[in-house]
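1. Using only what follows, build the 3D model:
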Amino acid sequence: MTLEEISGQENTMENADRVQNAGAALEELLVAAKEQDYLTVGVYESAKVMNVDPDSVAFCVLATDEEYESDIALQIHFTLIQAFCFDNDINVVRVNDIERLADLVGANETGEPKDAHCILVTSPCANPWKDPALDKLGLFCEESHSVYDWVPAITLPER
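-> Numbering: from 1, shown residues only. This is a model prediction of the structure:
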């Protein structure tokens with residue numbers, strides 16, 4: 001085994017740990033934000049918040065799965081949301097387990113799962129919300145950006 005192969009294996013293992021830690025931090029953040037009523041769930045609801053009060057958005061999660069990967073309208077929405085987030089220095093991550101996200105954010109008033117394709121973590125401008133998980137995810141995104149991964153993928157921990 002060459003030095004490059006060993007180094008590559010170590011980097012792969014470190015990256016897997018980083019993604020796993022980020023997944024735990026994301027779950028922690030979503031649970032805490034839900035308790036504080038700082039979540040906006042749904043593509044259209046998120047677009048409204050970004051249009052009315054972009055400074056209140058602290059973090060963005062985009063979610064899809066195999067069923068929706070070929071949904072052109074959803075992909076266009078994702079592209080527009082990502083562009084908006086980049087223009088406003090909002091960190092964005094992608095999650096490939098929409099069912100797990102829907103479980104974390106809960107159901108709507110009728111008891112049906114919410115549209116978890118886009119989730120915003122908001123924070124009031126007058127009294128910004130500080131959360132250690134949000135700081136961890138910010139660092140994760142910063143590290144990902146340094147290697148040109150602009151929308152890093154996160155895997156949520158298994159239940």
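2. This protein: strands as residue ranges?
-> In the chain, the strands defined using DSSP state E lie at 39-41, 57-63, 91-95, 118-122, 153-154.
3. Could you export those to CSV, including columns for distance to Gly23, mean neighbour count and mean pLDDT?
-> C-beta coordinates here come from the backbone N, C-alpha and C atoms, glycine included. Formatted as CSV, these follow (distance: least, C-beta to C-beta, whole Å; neighbours: other C-beta atoms under 10 Å; pLDDT from 0 to 100):
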stretch, distance to Gly23, mean neighbour count, mean pLDDT
strand 39-41, 17, 22, 93
strand 57-63, 11, 23, 94
strand 91-95, 8, 20, 94
strand 118-122, 14, 25, 94
strand 153-154, 5, 20, 90
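4. could the ones you listed be laid out in CSV, adding distance to Val105?
-> Formatted as CSV, the strands of the chain follow (distance: least, C-beta to C-beta, whole Å):
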stretch, distance to Val105
strand 39-41, 5
strand 57-63, 9
strand 91-95, 12
strand 118-122, 6
strand 153-154, 15
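5. could you list every residue that touches Leu29?
-> Applying C-beta atoms under 8 Å, 6 or more residues apart in numbering, we find Leu29 in contact with Phe59, Val121, Asp131, Ala133, Leu134, Leu137.
6. Between the strands of the chain, which one is closest to Ala73.
-> Comparison of the strands of the chain against Ala73 by C-beta to C-beta identifies strand 118-122 as nearest, at 12.8 Å.
7. related to what we said a few turns ago, so which of the strands of the chain gets nearest His77?
-> The nearest among those, by C-beta to C-beta, is strand 118-122 at 7.4 Å.
8. neighbouring contacts of the closest one?
-> 29-30, 33, 38-43, 46, 49-50, 53, 56-63, 77-78, 81, 101, 105, 134.
9. Where does the prediction get shaky in the protein?
-> Applying pLDDT under 70 to the chain flags residues 1-16, 107-113, 126.
10. Let's see that with 50 instead.
-> 3-10, 13 (pLDDT under 50).
11. Would you mind measuring from the residue nearest the centre of it to Asn127?
-> When C-alpha atoms, centre = their mean is applied to the chain, the residue found nearest the centroid is Val61 (2.5 Å). To Asn127, Val61 is 23 Å away according to C-beta to C-beta, to the nearest Å.
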